[in-house]
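Student: Below: sequence and its predicted model.
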Amino acid sequence: DFEFVRELVRRKFSHLGQPSVDPVVLVKLGVLGYWEGIRSERKMCRELEVNVAWRWFLNYDFEERIFDHSVLTRFRLRMGQDFFRECLAEVVRTCCKRGLVRGKELYVDATMTDADASLQSTRSRELLEQLTSAGLQSVNEHVAALEVVNDAEDEQEPPSGPTPPREKKPRGRGLQPQDKSPASERDTNAMVASKTDLDAELFHKKDEPMRLCHKAHFAVDSGPAKIITAVVPTRATEHDSHDLPGVLDEHQRNVGSLPDTLVADKGYSTKSAYRYLDGLGIEALIPPKKYANSGGGVVREKFTFDAATNSFLCPQGHVLEEFSLHTTRFQTEYRPALRTCQLCPQKPWCAPGKGDRSVHHHWDQDLMDDAGKRLESRRGRWLYRRRMNICEAPNAEMKGQGTLGRARYRGGDKMAIQQYSEATAYNLKRLARAAHYLAAAPAAAGSGATAVLASLNAVMHALRALRDQRSRRSAFLAVFSGNPAPAQI
């Protein structure tokens, strides 16, 4: 039922003037385009002219004239990303009412979408921002405007009076600390941007070429339907853990409750993420990252921490006591007694440097250790192994069969519309498939050979849908009972 669309657009459509195209028709046509992987709005309208199934779905007669493709564009730009975000929320709530959202375990993953821009279009970000703020289209126009300003300044009379003293520059080579731009030194995207898509950012992955991308976080429910419960668009270079609170807030807004368990990959493994999930009472199944051992020697995992004495024990039995506190990094440094490592025969392998060995212990290390133990359990291994099927499969489907592989639009706001719409179309497909199985199962309650064939047909459909799941026995019982539970379908 798409009646919620009329309620969302009620304040932006007037009852006066010429009647507009039904907004429900525009939303349905967009969903069809995402289902078929059609990237062009012109092609959607051309397909609607000749496709009988599309006309039936949109309630259009054969002789009825199709509207122009510009109607879709104006509708999308007028509604904005908030409208498509609400559409996704309404579809998720409908899935919850049908019992397709389990709500116990939540799988979170981020996916990259190639921007509709070339690497050759990258220019100086500062220059592009100046052109945009001045309303100019090219560098030549910017230079011409500067020449006009310079000519006006030359015509002015020089100021009278004594010449002010020249400011002395500090000695030394290169830029001074006060002149240095920290953002431009640390982040390439602070200096470079694409002139065709200012919001796209350069992204580089190991063994892959650099590309311009947009990113979004998807939260997927652990039920058999694999409903996407939340979508959070973000910058391509933003760390995954920084958007984790936004993902959970969006999930709670759409579903109405927080999950009991959250499963994610190492990209979300930070101390702040573990601390945030622990504060909400959510079980974190995120693999903790191993400590980097840049100085060489024995890895930190070989040292045993004793919470009773607040000390570490090295593999040779030496005690490392608290040495200093790092309040900015929220960790404690431990070292042995002076010259203990110098007399140890394992020093060349444990502490290759001149000094004694030191070990750093984060103040939230207990949360990371607990997460590692949960992942080593049988339940933790099973839940994390399902991540590829539950979380990666929807992303692959939206990229392969949908349009999420490459951006349809340019700009962060327009890209968010594509991400929300793609997730909405995916959930509607899952909702329609589940409704088909729910309607097919009671039909098998007849008698005779027809009832047997209908029952076997319903069983085959259920097994085909659940072939990657481990609930085949529940599927059989749900089909033959005549009153299946929606969560099992």
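Tutor: Cool, got the structure. Numbering: from 1, shown residues only.
Student: What is the least confident helix or strand in this structure?
Tutor: Using mean pLDDT, DSSP states H and E, helix 182-186 stands out as the lowest-scoring helix or strand of the chain, at a mean of 40.
Student: Tell me the first helix or strand C-terminal of it.
Tutor: strand 192-194 (DSSP states H and E).
Student: Strand partners (parallel or antiparallel) of that next one?
Tutor: Neighbouring strands of strand 192-194 in its sheet, by DSSP bridges, are strand 122-124 (antiparallel).
Student: Give the rounded mean pLDDT of the helix or strand following the strand it pairs with.
Tutor: Moving toward the C-terminus from strand 122-124, the next helix or strand (DSSP H and E) is helix 125-134. Helix 125-134 comes out with an average pLDDT of 75.
Student: and helix 125-134, what does it pack onto?
Tutor: Counting contacts by 3 or more CB pairs under 8 Å, 6 or more residues apart in numbering; DSSP states H and E, helix 125-134 packs against helix 139-155, strand 192-194. For glycine as for every other residue, the C-beta is placed from the backbone atoms N, C-alpha and C.
Student: Please spell out the segments of the stretch 251-400 of the chain that come in under the pLDDT threshold.
Tutor: By pLDDT under 70, the low-scoring segments of the stretch 251-400 of the chain are 291-296.
Student: That one: strands as residue ranges?
Tutor: 261-263, 283-285, 304-306, 311-313, 319-326, 331-335, 359-362 (DSSP state E, counting those that start in this stretch).
Student: Turn these into CSV, including mean neighbour count and distance to Asn189.
Tutor: As requested, the strands of the stretch 251-400 of the chain are exported to CSV (neighbours: other CB atoms under 10 Å; distance: least, CB to CB, whole Å):
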stretch, mean neighbour count, distance to Asn189
strand 261-263, 23, 29
strand 283-285, 21, 30
strand 304-306, 12, 39
strand 311-313, 18, 40
strand 319-326, 14, 29
strand 331-335, 17, 29
strand 359-362, 17, 29
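Student: For Asp369, which of the ones you listed is the nearest?
Tutor: With CB to CB as the criterion, Asp369 lies closest to strand 304-306 of these, at 8.9 Å.
Student: on that earlier part again, least confident of the helices and strands packed on helix 125-134, on average?
Tutor: For these, where the average pLDDT is lowest is helix 139-155, sitting at a mean of 61.
Student: Quick check: Glu250 vs Lys271, distance?
Tutor: Per CB to CB, to the nearest Å, Glu250 is found 23 Å from Lys271.
Student: my bad, Val299
Tutor: With distances taken as CB to CB, Val299 is found 19 Å from Lys271.
Student: repeat for Ala230
Tutor: Distance check for Ala230 against Lys271: by CB to CB, it reads 23 Å.
Student: that older thread, neighbour count: Val299 and Lys271, which is higher?
Tutor: The neighbour comparison of Val299 against Lys271 (other CB atoms under 10 Å) goes to Lys271, with 19 against 11.
Student: for the more buried one, what are its contacts?
Tutor: For Lys271, the contact set (CB atoms under 8 Å, 6 or more residues apart in numbering) comprises 330, 362, 364, 367-368.
Student: can you do 6 Å?
Tutor: 362, 364 (CB atoms under 6 Å, 6 or more residues apart in numbering).
Student: Tell me which residues of stretch 253-264 come out buried.
Tutor: 254-255, 258-259, 261-264 (16 or more other CB atoms under 10 Å).
Student: Same list, those residues, but as JSON lines with distance to Arg381 please.
Tutor: Below are the buried residues of stretch 253-264 laid out as JSON lines (distance: CB to CB, whole Å):
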{"residue": "Asn254", "distance to Arg381": "29"}
{"residue": "Val255", "distance to Arg381": "26"}
{"residue": "Leu258", "distance to Arg381": "24"}
{"residue": "Pro259", "distance to Arg381": "19"}
{"residue": "Thr261", "distance to Arg381": "13"}
{"residue": "Leu262", "distance to Arg381": "16"}
{"residue": "Val263", "distance to Arg381": "11"}
{"residue": "Ala264", "distance to Arg381": "15"}
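Student: Tell me the one of those residues nearest Leu127?
Tutor: Of all those, Ala264 has the smallest distance to Leu127: 38.4 Å, by CB to CB.
Student: May I have the secondary structure class of Thr94?
Tutor: Judged by DSSP: H, G, I helix; E, B strand; the rest coil, the three-state class of Thr94 is helix.
Student: Grab the nearest non-local neighbour of it.
Tutor: Leu431 (6.7 Å; CB to CB, 6 or more residues apart in numbering).
Student: What does the pLDDT read for that neighbour?
Tutor: On pLDDT, Leu431 comes in at 87.
Student: Tell me what the residue nearest to Leu277 when sequence neighbours are not counted is bridged to.
Tutor: The shortest distance from Leu277 to any non-neighbouring residue, by CB to CB, 6+ apart, is to Ala284 (4.4 Å). Under DSSP bridges, the beta-bridge partners of Ala284 are Leu262.
Student: Touching, Ala284 and Ala371? I think so.
Tutor: Yes - counting by CB atoms under 6 Å, Ala371 is a contact partner of Ala284 at 5.1 Å.
Student: what about the stretch 101-250 of the chain, any weak spots by pLDDT?
Tutor: For the stretch 101-250 of the chain, residues meeting the criterion pLDDT under 70 lie at 134-143, 145-186.
Student: For the stretch 1-150 of the chain, just list every one of the strands.
Tutor: For the stretch 1-150 of the chain, strands defined by DSSP E, counting those that start in this stretch occupy the ranges 105-114, 122-124.
Student: Leu198: which of these is closest?
Tutor: Set against Leu198 and scored by CB to CB, the strands of the stretch 1-150 of the chain come closest in strand 122-124, at 10.0 Å.
Student: Need the three-state assignment for Ile417.
Tutor: Put simply, Ile417 is helix when judged by three-state DSSP.
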